[in-house]
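# please find the sequence and the predicted model below.
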Amino acid sequence: DSGVTQTPKHLITATGQRVTLRCSPRSGDLSVYWYQQSLDQGLQFLIQYYNGEERAKGNILERFSAQQFPDLHSELNLSSLELGDSALYFCASSGTGSGYTFGSGTRLTVV
Amino acid sequence: ILNVEQSPQSLHVQEGDSTNFTCSFPSSNFYALHWYRWETAKSPEALFVMTLNGDEKKKGRISATLNTKEGYSYLYIKGSQPEDSATYLCAFKDSNSGYALNFGKGTSLLVTP
């Protein structure tokens, strides 16, 4: 167990639907990062939160949004889902100057 | 998006061989370079975090070097073992685009007995 908890592990949903992915960071880590891994792609950075505030944004689609709550857990909301959104979504957390600790990921399948 | 290139894309070696991989990244506005090990069906695990030009890090049989002026890092594995089979990712962070890591696509290593 890495200390970063992601739920659910698997999600199957239909096109046009909306889903929420949840992440609890490792204890003491203030930064949370969301990454997407699609087929044949590397880890693509989506968005970062630090202590409740958005810190950096990557190639996150307008249909996607995220937030970090006062207890530091984060949620990634994906709406109007398309087949191409099928991917493995990772959450990671970090402390100052340390490497990232990754969760086990959520595998999203859009049918 | 910052371009992080890793080579080779994949590598197949025999047990006991030593091997190395390359990571290339933009040489301007350097902040940090990370290496991760990603085993199939698991999550990436941090190996090294490197911040200074000339840094050398070592963990057991695995070591890494960093050249920020020319924009490359090498990862070395001495005496490869089957349990070293994994994808090795490097990730770059610059000082201009926030604090998030940009990952390369990785080098997939297979070590056979």
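Thanks, I have it.
# all contacts plus neighbour counts: C-alpha atoms, from now on.
OK.
# could you tell me how many residues sit around residue 94?
You didn't pick a chain, so chain A it is. 21 (other CA atoms under 10 Å in any protein chain shown).
# my bad, chain B
20.
# any idea how far it lies from B:Thr22?
Plainly put, B:Asp94 is 19 Å away from B:Thr22 if you go by CA to CA, to the nearest Å.
# same question for B:Asp55.
In terms of CA to CA, B:Asp55 sits 15 Å off from B:Thr22.
# so these two - more neighbours on which side?
Higher neighbour count among B:Asp55 and B:Thr22: B:Thr22, with 19 against 14, using other CA under 10 Å.
# where does the closest residue to chain A within chain B land in three-state SS?
For chain B and chain A, the shortest gap (CA to the nearest CA) falls at B:Lys105, measuring 4.4 Å. Three-state call for B:Lys105 (DSSP: H, G, I helix; E, B strand; the rest coil): coil.
# next up, the contacts around it.
A:41-43, B:5-6, B:9, B:89 (CA atoms under 8 Å, 6 or more residues apart in numbering or on different chains).
# in ChimeraX, select just the buried ones from these.
Under the burial definition 16 or more other CA atoms under 10 Å in any protein chain shown, those of these that qualify are selected in ChimeraX by:
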select /A:42,43 /B:5,6,89
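# excluding its backbone neighbours, what's nearest B:His34?
B:Val49 (4.5 Å; CA to CA, 6 or more residues apart in numbering or on different chains).
# what residues are up against the nearest residue to B:Gly104 once chain neighbours are set aside?
Nearest residue to B:Gly104, sequence neighbours excluded (CA to CA, 6+ apart): B:Val4, at 4.9 Å. Contacts here follow CA under 8 Å, 6+ apart; on that basis B:Val4 touches B:23-26, B:90-92, B:102-104.
# now do B:Thr68
Taking CA under 8 Å, 6+ apart as the test, what B:Thr68 contacts is B:27, B:30, B:52-54.
# shouldn't A:Phe45 be in contact with A:Val32?
No - A:Phe45 is beyond contact range of A:Val32, at 11.5 Å (criterion: CA atoms under 8 Å).
# who's more crowded, the two?
Using other CA under 10 Å as the criterion, A:Phe45 and A:Val32 rank with A:Val32 on top: 33 against 22.
# ok but that one is inside a strand, no?
Yes - assessed by three-state DSSP, A:Val32 belongs to a strand.
# count of neighbours near the closest residue to it other than its chain neighbours?
Using CA to CA, 6+ apart and skipping the chain neighbours, the partner closest in space to A:Val32 is A:Ser93 (4.5 Å). By the criterion of other CA under 10 Å, A:Ser93 has 27 neighbours.
# give me the three-state assignment for A:Ser93.
Under three-state DSSP, A:Ser93 comes out as strand.
# report the beta-bridge partners for it.
Counting by DSSP bridges, A:Ser93 forms beta bridges with A:Val32, A:Thr101.
# quick one: the closest residue to chain B within chain A from B:Lys78, how far?
Residue of chain A nearest chain B, by CA to the nearest CA: A:Gly42 (4.4 Å). Noted for A:Gly42: a distance of 26 Å to B:Lys78, by CA to CA.
# ok, which residues in chain A are in contact with chain B?
Proximity of chain A to chain B is confined to A:33, A:41-45, A:48, A:55-56, A:58, A:98-105 under the rule CA under 8 Å from any CA of the partner chain.
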